[in-house]
Each structure stands twice: as structure tokens, then as C-alpha cells.
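Kindly return the folded structure for what I paste below:
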Amino acid sequence: MSGIKEVITMICLTLITTGVFSILVPKSSMEKVMKFAISLFFLAGIVIPIVQGKFDFSFEIDEIQGAEYQAQIEENTKNTITILSEKKIESEVKNILKENDINCTKVDISIHIDKDDSIDISKFIVTLSKEEVLDLTTVEQLIVKEVGVKPNVVLEE
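Take a look at the predicted model:
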């Protein structure tokens with residue numbers, strides 16, 4: 001940030017100095033030569049800081065603020081992953097049951113990401129309509145076979 005300030009200050013000082021000298025140039029045969037010299041001074045005032053590399057455009061972020069920002073990003077990422085995973089599993093289970101002509105009214109799933117970044121499915125309930133006469137363990141086994149997670153299968157009340 002200080003590098004940007006330094007370059008802008010140098011350009012402003014060059015502009016002010018160039019403006020003052022341009023006003024003081026007398027109208028004579030030397031006018032063109034003086035304006036050329038002033039123009040070279042202006043260009044040098046802009047080019048020299050860039051060529052010397054005296055500016056640093058890096059932005060310093062306070063380490064504490066950066067850590068808080070990183071923690072917030074990680075938390076948002078985990079929440080997004082959790083929500084998307086829940087929706088994806090719900091969608092897959094409904095599709096599997098639909099393909100097997102099983103009427104599913106609700107899939108309730110709750111996923112939690114632990115501190116060690118492992119995913120834990122704390123609740124997985126599949127609710128079937130009352131019309132389903134299937135053995136609930138058959139549906140449970142179908143879901144375990146296709147998804148790899150054992151649900152709690154219940155009938156709608």
C-alpha cells in the first residue's frame with residue numbers, strides 16, 4: 001500500500017513542478033526547447049519510480065484479521081458441503097426408490113462435519129407412504145446396497 005502512495009506522490013509532485021515551469025517559460029525562440037525539456041522531466045518523473053522498482057503493490061493484511069477471515073471461509077465451506085451433501089443423498093435415495101416403484105414421501109438426513117474433517121451422518125430417516133406393503137427391511141437393504149448408508153425406514157402416520 002505504501003508503494004502506491006509513493007508512486008502517486010511522485011507523479012503529483014512531478015505534475016506540480018511541470019506546471020510551474022510551464023507557466024514560467026518565456027515566449028521566445030527557446031520556448032520549444034524549454035517545453036521539450038519540461039516534457040522530458042515529466043516523463044522521467046513517471047518512469048524513474050517504475051524502473052527503479054521503488055513501489056510495492058502488495059497489500060498487508062493483519063495476521064489476526066487474516067486468520068479470522070480464513071476461519072470464516074472454512075466454516076462457510078463446511079456449511080455449504082453439508083447442505084449440498086444432504087440434498088444430494090436425499091435426491092439419490094428418492095431416485096432409487098422411484099426406480100423400484102416405492103413411494104417415498106420424505107427423506108430426512110442430517111450430516112455433520114467433525115473437527116478432523118470426517119463426515120458423520122447423524123440422522124437418516126426415510127418415510128414411506130402407508131400404501132407401501134413392502135417389508136421395511138427390504139427397503140433398508142436396497143438403500144444400503146445403493147448408497148452405502150443404513151437408514152431408519154418408517155411408515156407415514
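
now this structure, which segments are flagged as low pLDDT?
By pLDDT under 70, the weakly predicted segments of the chain are 1-3, 54-66, 132-134.

And the residue nearest the centre of it?
Closest to where the C-alpha atoms of the chain average out (Cα atoms, centre = their mean) is Ile73, at 7.6 Å.

List the buried residues for the strand or helix carrying that one?
Assigned by DSSP states H and E, Ile73 falls within helix 63-99. Using 16 or more other Cβ atoms under 10 Å as the test for burial, helix 63-99 gives Glu86, Ile89, Glu90, Val93, Lys94, Ile96, Leu97. Any C-beta I mention is one placed from the backbone N, CA and C, and that applies to glycine too.

Now Ile50: closest residue in space, sequence neighbours ignored.
Val7 (7.5 Å; Cβ to Cβ, 6 or more residues apart in numbering).

circling back to that earlier point, which neighbouring elements make contact with the helix holding Ile73?
Contact here means 3 or more Cβ pairs under 8 Å, 6 or more residues apart in numbering; DSSP states H and E; on that basis helix 63-99 packs against strand 104-113, strand 119-128, helix 136-147.
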